[in-house]
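Trainee: Have a look at this prediction, sequence included:
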Amino acid sequence: MLSSKTFIEQLQGSGFNFFTGVPCSLLSGLIAELEADASLGYIPSVREDAGVGLCAGAYMGGKLPVLLMQNSGLGYSLNAFTSLNLIYKIPVLVIMSWRGCGGKDAPEHVIMGEINEQLLQTSGMEYAVLDESNSEQVLATALQKINVEKVPYTLLVKKGLFDERH
């Protein structure tokens, strides 16, 4: 398990300074830590595509944004990513819970769990699977893509990686 507090400190240490997201139980520890520290300025999003827009505005305002979302919201946000972020080179770090990974989850999550990697690949969005042992490495890769190529980068998070809060 990766401590939510520690990972947020890694994000801050990497320069990320704007946070928004849509609730998901797999990311509840991260969101609770972000909400607990008013200096982080976490802004809840009503939908994933709205979060993409908030992050685009934050980036244009000089921030380095992070969007927390469940993979079920990838469908909602693909058009925003492809018609805004990818075309206009507006980067964002996406921390996406991987509901339905390996077919293990509530039935409504299984199909998206099976296809979210293909959707990311088809739309030209690079990603990595985040785990306890690679957080520094994948953040370095994400920063390279974000700072040099100016593209979104997604970190897929499997169930149980972060401490959960309800």
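Mentor: Now that the structure is in, tell me what you want to look at.
Trainee: hey, what's the residue positioned nearest the centre of the chain bridged with?
Mentor: Computing the C-alpha centroid of the chain and ranking residues by C-alpha atoms, centre = their mean puts residue 95 first, at 1.9 Å. Assessed by DSSP bridges, residue 95 has beta-bridge partners residue 68, residue 155.
Trainee: I'd like to know how far the most far-flung residue of the chain relative to its centre sits from residue 5.
Mentor: Distance from the centre of the chain peaks at residue 107, with 22.6 Å (C-alpha atoms, centre = their mean). Residue 107 sits 33 Å away from residue 5, going by C-beta to C-beta, to the nearest Å. Placement of C-beta: from N, CA and C, glycine included.
Trainee: And the strands in the chain?
Mentor: Taking DSSP state E to define them, one finds strands in the chain at 18-21, 43-44, 65-70, 93-97, 126-130, 153-157.
Trainee: Just the C-alphas of the fourth one, formatted as CSV.
Mentor: Once non-C-alpha atoms are left out, strand 93-97 reads as follows in CSV (Å, rounded to 0.1, in the frame of the first residue of the first chain):
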residue,chain,number,x,y,z
LEU,A,93,-1.5,14.4,-14.9
VAL,A,94,-4.5,12.1,-14.6
ILE,A,95,-4.7,9.7,-11.7
MET,A,96,-7.3,7.2,-12.8
SER,A,97,-8.6,4.4,-10.6
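Trainee: now the angle from it to strand 65-70?
Mentor: 10 degrees (axes from the mean of the first three to the mean of the last three C-alpha atoms, to 10 degrees).
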